[in-house]
Structures are given as C-alpha cells and as structure tokens.
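Chemist: dropping the sequence and predicted coords here.
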Amino acid sequence: MLLGALMLPLDRSLISPVATLGEAYTHLLDAQLTCLVLDEQPRGRIVRMRSILEHLAGSVMHGMKADPDRPIATIAEHVETLPESAPIELAAKALWRRPSRAVLVANEQGDVVGLLGWPQLNRFFDEILDIDYATRLHFHVGDRPGEMARALAAVAGTGANVQATYLSHPHGDQRFGTIYVPDEAAASARDALKLAGFRLLD
C-alpha cells in the first residue's frame, strides 16, 4: 500500500498559523485528529494535540496561567515529508523514529497534500493483521531479552486471548510493542501491562 492511499487529506487537517491554541484544540477534537498542518507555504510544520495539552494543561499543573490565545504557530514542529508514491513501510520507519508524531505527504510536484500519523498507520496494521474485533495495546518495551515475553505473560495472566503481536526494531535502548486482545479483555490487559511496568502509548 502507498502513502497516498492511506493519508489524511489536507482539507481535513489544515489550520491557520494565526489560530490560537484554544481554536486548534477545539478543531482537533471536533475532527477527531491528533495532528494539524499549518496553512502556510511551504508546508512543513505540524501541531500535535499533545503539544497543545502540554502548553495548556501543563501550565495549570505547574501553577502557571494557561494561555489559550497564544498563536498555534509558536508551538509548531518541523517534520519529514515523504512522496505519496512511497510504500507505507517507509512512513512506518519514520514514525517509529518519532513516537507520537507524523509525516507529511507530497505529490509529484512536491506540494504537501496530506498527513499521515499513528491513527492512519494503525488502521493499516489492523488491515494487514485482519483483526476486526480487537483492541490494540501499544507500549514501550526495553531492548532486553525477554521483555516482550514478560509483556505477553502479564496479558496472559488476565486470561485474555492474544490475537496478534508486533515488536519494532530497537531505537536506542527502546522498542515499541503492540498486543491485540479481544475488546472485552482490553481493560484488564491494559491494567496488567501498567502493573508490570510498561508505559502504554495510546
């Protein structure tokens, strides 16, 4: 599958660089997005929901006043741009290198035409694994022998029937693991992973 078939079109994910944090937050919630692309040329920056929350909720948690009127462009991040004709595996590698981030997708003329992040990539994983009624548990795994086995043992201890698993290549001293379990077992499996010391990403 190519990036062009999986990307989120820009007409759903554009926002003005002069929009405020509050406006961008509302737009992300309404459109059920995790990232936005700034409507500026050349396009090469995104704004993540996580970054907005860090500036709004994070300020309050540290005893400071939140600033929802701050321009969104001040917290934008530069990201990698890939051609829409590239295979999805290339985007997966880019996203593994940048947890919780996204890549932009460009057409043959080099113009950015879409956005691809974890929601789109996870749908791809769901399709290739042919899993219709399962919950995905995505988490950090230490790059040490037996860590993924320990995660599977924690989930198995709840009685959950593991339907599929994935373990990434190492990135520094970390990997990323994914375990799919039936929807009805997701809550107990998630709690078991946390109790075992794994940090969930979803």
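Modeler: Looks like it came in fine.
Chemist: grab the most central residue of the protein for me.
Modeler: Centroid-nearest residue in the chain, with Cα atoms, centre = their mean: residue 118, separated by 3.4 Å.
Chemist: that one against residue 34, yeah?
Modeler: Yes - Residue 118 lies in contact with residue 34 (Cβ atoms under 8 Å); the separation is 6.8 Å. (Each C-beta comes from the backbone N, C-alpha and C, glycine too.)
Chemist: can you list residues touching both of those two?
Modeler: By the contact definition Cβ atoms under 8 Å, 6 or more residues apart in numbering, residue 118 and residue 34 are jointly contacted by residue 102.
Chemist: residue 197: what secondary structure?
Modeler: Under the three-state scheme (DSSP: H, G, I helix; E, B strand; the rest coil), residue 197 adopts coil.
Chemist: strands of the chain, start to end?
Modeler: Counting by DSSP state E, the chain has these strands, from start to end: 8-9, 14-15, 35-38, 45-48, 77-78, 81-83, 102-106, 112-117, 134-142, 164-167, 174-182.
Chemist: in its sheet, what does the first one sit against?
Modeler: In this case it means strand 8-9. strand 112-117 (antiparallel) (DSSP bridges).
Chemist: now the partner strand and strand 102-106, what's the angle there?
Modeler: Strand 112-117 and strand 102-106 are oriented at 150 degrees to each other (axes from the mean of the first three to the mean of the last three Cα atoms, to 10 degrees).
Chemist: what lies in contact with strand 112-117?
Modeler: Around strand 112-117, the neighbours that count as contacts under Cβ under 8 Å, 6+ apart are 3-4, 6-10, 13, 34-35, 37, 42-44, 46, 81-82, 84, 91, 95, 101-107.
Chemist: figure out how far it is from the centre of its chain.
Modeler: On the basis of Cα atoms, centre = their mean, to the nearest Å, strand 112-117 sits 13 Å off its chain's mean C-alpha point.
Chemist: list the buried ones in that strand?
Modeler: 112, 113, 114, 115, 116, 117 (16 or more other Cβ atoms under 10 Å).
Chemist: and the fifth one, what pLDDT?
Modeler: Residue 116 is assigned a pLDDT of 86 by the prediction.
Chemist: just give the closest residue to it, not the sequence neighbours.
Modeler: Leaving aside its chain neighbours, residue 116 sits nearest to residue 7 (4.7 Å; criterion: Cβ to Cβ, 6 or more residues apart in numbering).
Chemist: what's the neighbour count on residue 87?
Modeler: Counted by other Cβ atoms under 10 Å, the residues lying close to residue 87 total 11.
Chemist: mind checking how far the nearest residue to it once chain neighbours are set aside is from residue 22?
Modeler: Once flanking residues are discounted, residue 87 sits nearest to residue 2: 6.3 Å by Cβ to Cβ, 6+ apart. Distance of residue 2 to residue 22, given as Cβ to Cβ, to the nearest Å: 36 Å.
Chemist: likewise for residue 190?
Modeler: 31 Å.
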